[in-house]
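J.: mind looking at a prediction? Sequence and model below.
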Amino acid sequence: AMAQAALGAAGLHFDELNKLRVLEPEVAAQTAQLREECRAFVDKTAEFQKIVGSLIELVDQLAKAAESEKMKAIGARNLLKSIAKQREAQEQQLQALIAEKKVQLERYRIEYETLCKIEADQNEFIDQFIFQK
């Protein structure tokens, strides 16, 4: 015990296996425990980084997907606008055609009435000519 005290004063200690150590067994045990806790902390930090990395990747993928869908929607909207414009132009062309055909119909109606009058006049002339004989 006296030898142990002398060694202790010199900063030397025996561990549980009676090996000579520079650190007190309790300090050595605490150091080992701290080392394990540090290792566990580093492992957990690495795992956390991995989780955060995969989360960032997922968010990036979702952002890309959202951007892609947005582009599709813009494309569809533009297509609908152009189709609507085409329809409008077609409708205007058809309205113009209808107006043109109405004018033509009116011209034909007047021509027909004129021809009917001429026919009536000629029939009357023929009747008078026959009765004169």
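T.: Yep, that arrived.

J.: and the helices in this protein, which stretches?
T.: 2-9, 25-132 (DSSP state H).

J.: give the rounded mean pLDDT of the shortest one.
T.: Averaging pLDDT along helix 2-9 gives 69.

J.: for stretch 118-132, same thing?
T.: 93.

J.: one more: stretch 77-91?
T.: pLDDT averaged over stretch 77-91 gives 97.

J.: start at 201, not 1
T.: In the new numbering, first residue 201, that becomes stretch 277-291.

J.: neighbouring contacts of it?
T.: With C-beta atoms under 8 Å, 6 or more residues apart in numbering as the contact definition, stretch 277-291 has no outside contacts at all. (Each C-beta comes from the backbone N, C-alpha and C, glycine too.)

J.: so which bits of it are buried?
T.: Going by neighbour count (16 or more other C-beta atoms under 10 Å), nothing in stretch 277-291 comes out as buried.

J.: quick one: distance of that stretch to the chain centre.
T.: Mean-position distance between stretch 277-291 and its chain equals 24 Å (C-alpha atoms, centre = their mean, to the nearest Å).

J.: try stretch 256-271
T.: Its chain's C-alpha centre and that of stretch 256-271 lie 7 Å apart, by C-alpha atoms, centre = their mean.

J.: so which residue is dead centre in this protein?
T.: E269 (2.0 Å; C-alpha atoms, centre = their mean).

J.: run through the residues that contact it.
T.: Contacts of E269 by C-beta under 8 Å, 6+ apart: none found.

J.: could you do A246 as well?
T.: Contacts of A246 by C-beta under 8 Å, 6+ apart: none found.

J.: how far away is it from D260?
T.: Counting by C-beta to C-beta, to the nearest Å, the gap from A246 to D260 is 21 Å.

J.: do I283 as well
T.: Computed as C-beta to C-beta, the I283 to D260 distance reads 35 Å.

J.: ok, back up a step: JSON lines for the helices of the chain, including distance to K219?
T.: Compiled in JSON lines, those are given as follows (distance: least, C-beta to C-beta, whole Å):
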{"stretch": "helix 202-209", "distance to K219": "12"}
{"stretch": "helix 225-332", "distance to K219": "10"}
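
J.: for E267, give its distance to L279.
T.: Here E267 is placed at a distance of 19 Å from L279 (C-beta to C-beta).
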